[in-house]
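> 3D model of this:
(chains A and B)
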Amino acid sequence: MASVLTGALADGKVFEGSTTLLPQSCQLVIFGGPGDLSWRKLLPAIYNLSVDGVLPSHFAVTAFGVPSEGTTDADPDQYIRERARSGIGRFSRQALDEAHWENFARSLFFVQGSFNDMRAYKQLKARLESLDQQFGIPGSRVYYLAVPPGLVGQCVEHLRAAEMICSPGDTAAFTRVIVEKPIGRDLESAREVNRVVGAAFAESQTYRIDHYLGKETVQNLLVLRFANSIFEPLWNAKCIDHVQITVAEEEGLAQYDAGTGEVIATRAGYYEGVGALRDMVQNHMLQVLCVMAMEPPWSLAPEVVRDAKVGVLNCLRPFATADVDANVVRGQYIEGDVHGQRVPGYRKEVRESFEAMGRELPRSSVHSTTETFLALKLYIDNWRWAGVPFYLRTGKRLPKRVSEVAIQFKYVPQILFNSNPDMQLEPTVLSVRVQPEEGLAMRIASKLPGPKIRIYPVKMEFNYASGFGGKSPEAYERLLLDVMAGDATLFMRRDQVETAWQFVTPILDRWEKAGVRDLPEYQCGTWGPVEANRLIEPDGRVWRSL
Amino acid sequence: MTTPSPFAPSGSVPIPLREVESELARQVSAQHAAREHPVQLARMSNLVIFCDQREQAESLAAEVSKVVAIHPARVLLLLGEADAQDAAVSSAALVRSRHNGTAVDAVSELIALHAAGPAVARLPFAVRALLVGDLPINLWWASNQPPPFAGALLFDLAENAQQIIYDSRGWLDPTRAVAATSHWLDAFARALPGGRWRVASDINWRRLKAWRRLLAQALDPTTPGGAAATTTELLLEHGPHAVIQAWELVAWLTRRLGWTVKAGKVEPGIEIRWAFEAPHGTVSVRIRRLADVPSEIRQVRLQCHVDGRPATLAFRPLHATRLELNAEGVEAAPRTLSVQPVALAELVGRQLSDRERDPVFTESMTTAQTLAQSLLK
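Next up, the predicted model:
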């Protein structure tokens, strides 16, 4: 169980009579502070925490990095404040409040510098120490590495060289590091990232973030299973026919200017060559699978919960070469239609994106075989899940943005109301919606009013926003608070990451050996290639209609 | 050709496609705020309606509230003007409420989608994004074009539909349409992969319900009098656009009675004649069109013998609420059968939850196809 730090006790920041940890005084240092993740997610999340009054009383945020414009001649602090203001204005859960903003902006700073420049770290260190004095912070730091995976090692090594990391045993102050996914691009590189980070930070100081785990409904899966008496007895191979986990995105790689049609933002630099398996399945989807399928932990202590999750990964049936061909389908989008707009295919988007970035298109990307869609069938070989298939499906440029976990219960016997072999009754389904509208739904069979017995599926729904009122906190809000509080429950442990990579490695190996020239295609705005249906339909099942 | 203006039903808010869901949520919230009663968003299925004429779309938009009063649904009303100049997909959203006599007011969603020219083919993309997951999908093909001739658009719109509802009333070229429909029904309803199933339902068949009941009662072989076994002539008269309705009734009746078609002849717009081989001899069957009468079956006349005496059984609508059977040439009191007057919206509303395959309909359509082939020879 995570220990409550002396510093926190000294600050009186633990609920009386409760073991719930509260965020502790610290400075949050965002590497890549001017970048996209910071602009869209992190700065709005911190603003919301500030509005909600849950940040520590002694707290400041320092962004570190190089502005996208290359340099800022004006007041650097003013630069990041303006950037934050625009991000909050566009992406924040709560509208920007002028009075609150002024107060918030006073704790927002920027140190301009390159991640490979030791002098910049010295400047950063000096500025942080000065802000410690100003804000009464005891030297505690949370370093958020919102940087491409290739730069993680560089940042960590410079932090260590600049003596900016406290020992994990330090009782006066703490240092924690948040590492963004993806952790590596295969098992070997993930181990290398973990090794580099591990050389500078203890595992107890390391928080590998997967923002899906911070979403209310993912956490609610645990509550659903272990705080209700009706579900857990059914949560096994006896009652469950199969499980479908879907993460569908309507976005592609690039965003286009509506007027000129030019690329205004793109993820091609990151995504091309990475693909859906690495971007979605290895981390988000397997993590959600763990929460859905894990054994009941004996306590909610972080290590106990994380042990239970790793237990699921350890039971995943490994793929042999032939299994990959039979159980994994990948695809790539071609020109189609999303929200009434004609959108280009993946290869064209990549080409246009590299042009817009002023970079030469790598030769390997000319006929890119990066998968933008992936469907796979897997099994968890343990007592609970023996024989239950788990179907995972993710893709870009699908008809709508939706993420959910759906548990389909077994069909009732083909007698009584289900006796017509041509028209089986729809089975009971419990679906947990992760986004966009977090909630739960249960589809059950019901009798239609009238003299005849006619059965019709009805859906009972619970929507978080309308049920509890207001908007749920964003995942990043919860996760940032947890790091400040020292609670690692919702973060990936080193062995979790590596075991997940171990599972997907045979797929990557098989693909590399197969060396295909083209992937199955699907039009933008459709639910993936037809090959995906061939993965599930021979089992007598279908992809859910979402 | 001029570019058609976007279609937005009365009261709806024109909105970019991407913002339809948020606009619907906003309107539902506004209903919550504006009403004393609690408000419930009611939807038992997705109802996708496709039509290709603007006037028809406007009339359907008005009918939709009656449909969802019977079967609450999220309605996607599609207008695809294929013959007009290209116009990209546009959308409009409307949340309507109705007080249904309980403590909770129900609200339902209507989304209108419009496209013209080549952009009509893009409507299925918009539909996929707007369907509510986990609810049955019904496609109401309200176009006058028979489904077998609709091609890729229907195929795409129906990709996950459990039921396609169409109305054969008003189809042009009925002989070809009927000939193709039976094949299409067979292909459409064939068992789908993964345990899925679907049905196709003709509203015209539902309109015949009372006719079939009265005819069945009068001609049942166990009924005294033996009319069915002595029939020599059958005449059906119908109003404009109701020829297929009459055709379906002939197909049903002749199949039930075990008659086999021998030959057929058509005088387009006037009369269709068939010769049938029945166990008791040849039967002449005619479908005759009447002008200036409602678009429905107006009369069924059967020449036969009742208790050994020549008679004519005349079935006809009596007012809007009854069907009457008069036995001419014999002494018998007229018999009547109550019929609920059923508007199109009500027929569709009831059909939405009636998802069972109707083998009698399928068989009758097979016979209807045989009848069509006899005319095409």
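
> Quickly run through the sheet partners of the helix or strand harbouring residue B:98, with directions.
Using DSSP states H and E, residue B:98 falls within strand B:87-99. When pairing is defined by DSSP bridges, strand B:87-99 lines up against strand B:13-14 (antiparallel), strand B:105-116 (antiparallel).

> Domain map for chain B?
For chain B, the structural domains run B:13-166, B:206-342+B:359-376, going by automatic domain parsing.

> The ones you listed: which one's closest to residue A:434?
domain B:13-166 (13.0 Å; C-beta to C-beta). The way it works is simple: take the backbone N, C-alpha and C, and place the C-beta from them, glycine included.

> Could you pull up the mean pLDDT of the closest one?
Mean pLDDT, computed over domain B:13-166, is 91.

> Between its first and last residues, how far does that domain reach?
28 Å (C-alpha to C-alpha, to the nearest Å).

> now swap in stretch A:233-250 and tell me
One end of stretch A:233-250 sits 36 Å from the other (C-alpha to C-alpha).

> do stretch A:480-494 as well
Note: stretch A:480-494 ends 19 Å apart using C-alpha to C-alpha.

> mind listing what residue B:325 touches?
B:214, B:218, B:313, B:314, B:315, B:334, B:335, B:336, B:337 (C-beta atoms under 8 Å, 6 or more residues apart in numbering or on different chains).

> Next one: it from residue B:311, what distance?
Using C-beta to C-beta, to the nearest Å, residue B:325 is found at 12 Å from residue B:311.

> just residue A:325 next, same as before
From residue A:325 to residue B:311 the distance is 73 Å (C-beta to C-beta).

> do the same with residue A:441
61 Å.

> Also residue A:120?
107 Å.

> Kindly report the same for residue B:22.
Using C-beta to C-beta, residue B:22 is found at 68 Å from residue B:311.

> just the residues of the stretch 401-546 of chain A that are near chain B, which are they?
Within the stretch 401-546 of chain A, the positions near chain B by C-beta under 8 Å from any C-beta of the partner chain are A:402, A:404, A:420, A:422-424, A:429, A:431, A:441, A:443, A:448, A:454, A:456-459, A:523, A:525-527, A:533, A:536-542, A:544-546.

> just to revisit the earlier point, just the buried positions in the strand holding residue B:98, please.
Across strand B:87-99, burial judged by 16 or more other C-beta atoms under 10 Å in any protein chain shown covers B:87, B:88, B:89, B:90, B:91, B:92, B:93, B:94, B:95, B:96, B:97.

> What ranges does the stretch 201-350 of chain B have for its strands?
Under the criterion DSSP state E, counting those that start in this stretch, strands of the stretch 201-350 of chain B are mapped to B:233-238, B:260-267, B:271-278, B:281-289, B:297-306, B:309-318, B:322-328, B:335-338.

> CA-only coordinates of the fifth one in PDB, if you can.
Put plainly, it is strand B:297-306. Extracted in PDB, the C-alpha atoms of strand B:297-306 (Å, rounded to 0.1, in the frame of the first residue of the first chain):
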ATOM      1  CA  ILE B 297     -59.300  -2.600 -53.400                       C
ATOM      2  CA  ARG B 298     -62.900  -1.700 -54.000                       C
ATOM      3  CA  GLN B 299     -64.500  -5.000 -54.700                       C
ATOM      4  CA  VAL B 300     -63.900  -8.700 -54.900                       C
ATOM      5  CA  ARG B 301     -66.500 -10.700 -56.900                       C
ATOM      6  CA  LEU B 302     -66.600 -14.500 -57.000                       C
ATOM      7  CA  GLN B 303     -68.800 -16.500 -59.400                       C
ATOM      8  CA  CYS B 304     -69.500 -19.800 -57.800                       C
ATOM      9  CA  HIS B 305     -72.200 -22.200 -56.600                       C
ATOM     10  CA  VAL B 306     -73.500 -22.100 -53.100                       C
END
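
> what residues does it touch?
Counting by C-beta under 8 Å, 6+ apart, B:208, B:211, B:215, B:219, B:225-228, B:230-239, B:242, B:245-246, B:249, B:290, B:310-317, B:327, B:329-330, B:332 sit against strand B:297-306.

> That'll do, ta.
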